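# let's see this in three dimensions:
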Amino acid sequence: ADVRRGVATVNVLWGNQLAVLLGDYLFATAFDLVSRMRHPQVAPTIARAAVAMSEAEILATKVGGEPYEDEAIYFRIIEGKTARLVAAACRAGALVAGAGPAVADALEAFGLAWGMCFQITDDALDLVGDPQALGKPIGSDIDTGKTTLPVIAALRAAPPADRDRLRALVRGEGGGLADLQALVHRYDGVRQALDVARAYADRAVAALQPLPPGSARASLEALTSFVLVRAR
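Numbers count the residues shown, from 1 in each chain. This is a model prediction of the structure:
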């Protein structure tokens, strides 16, 4: 993307090579910081998340730009690329704070469900969001050939002719974003995707039950509510 969070991206300003090198630098710096944590389970927690992210990216590359209707593939990709990272952050925070295993497990489960909810909502916003509010162009997933849950829902609901048309649009074969948006809207793809996101939000809140009532738990519950109504 040329813009993220309303700011020009590194690859636009200085090129892909420097962007990749900067990513490597940040990755190495992160693991340097993690290695200094005193809790012995923090580094393995983050390392497992990095492995899951890599595996999910490999799966996404294997699938490529070919549209698919199997939502299990989509869930595997977003769990690895997004939710496992959030889950690891939540678990690591609990461990560093001295929480016991039950609380660490609960926060990891919260992070996993919250991360799924976040990514599904983000994919819906990529089709219906306001570029100014999002801080990035909409339709970027489609431009890169990604199959997201709103598209999967529409593909499964559409009759053969519209299904073929939608597949062609995802492949970039004629038409444009407006055409794809119209088909996804016709078969209620965004609403169906957001219903799934709400189900994950409910799981996230339920995962917090082992935590004692208080401002920290209330803040996480509020964060779960926010992710469903956010504009960016």
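# can we go C-alpha only for contacts and neighbour counts from here?
OK.
# and the strands in this structure?
Residue ranges of the strands in the chain, as given by DSSP state E, are 3-4, 7-8.
# pretty sure Ile120 contacts Leu149?
Yes. Using CA atoms under 8 Å, Ile120 is in contact with Leu149, at 6.9 Å.
# which neighbours do those two share?
Shared contacts of Ile120 and Leu149 (CA atoms under 8 Å, 6 or more residues apart in numbering): Ala193.
# quick one, helices of this protein?
Remark: helices assigned in the chain by DSSP state H are 10-14, 16-35, 42-63, 71-78, 84-96, 101-128, 131-134, 140-143, 149-157, 160-170, 177-186, 189-207, 215-229.
# show me the contact partners of the first one.
Right, the one you point to is helix 10-14. Asp2, Asn16, Gln17, Leu18, Ala19.
# rerun that using 10 Å as the cut-off
By CA atoms under 10 Å, 6 or more residues apart in numbering, the residues outside helix 10-14 that reach it are Ala1, Asp2, Val3, Arg4, Asn16, Gln17, Leu18, Ala19, Val20, Leu22, Gly23.
# report how many residues lie close to Ala106.
22 (other CA atoms under 10 Å).
# contacting residues around the nearest residue to Ala158 once chain neighbours are set aside?
Once flanking residues are discounted, Ala158 sits nearest to Tyr187: 6.4 Å by CA to CA, 6 or more residues apart in numbering. By CA under 10 Å, 6+ apart, the contact list for Tyr187 reads Pro150, Val151, Ala153, Ala154, Leu155, Arg156, Ala157, Ala158, Pro159, Asp162.
# for Arg91, same thing?
By CA under 10 Å, 6+ apart, Arg91 lies in contact with 41-42, 45-46, 85, 97, 99, 101, 103-111.
# from these, list just the buried residues.
Neighbour counting by 16 or more other CA atoms under 10 Å classes 42, 45-46, 85, 103-111 among those as buried.
# quick one, grab the pLDDT at Leu228.
pLDDT for Leu228: 89.
# okay, now Arg48: neighbour count?
When counting by other CA under 10 Å, one arrives at 14 neighbours for Arg48.
# surely it is in contact with Lys81?
No. With contacts defined as CA atoms under 10 Å, Arg48 does not count as touching Lys81, sitting 11.9 Å away.
# residues touching the residue nearest the centre of the chain, list them.
Closest to where the C-alpha atoms of the chain average out (CA atoms, centre = their mean) is Gln119, at 2.8 Å. Applying CA under 10 Å, 6+ apart, we find Gln119 in contact with Phe75, Ile78, Glu79, Lys81, Thr82, Ala83, Leu125, Thr148, Leu149, Ala197, Val227.
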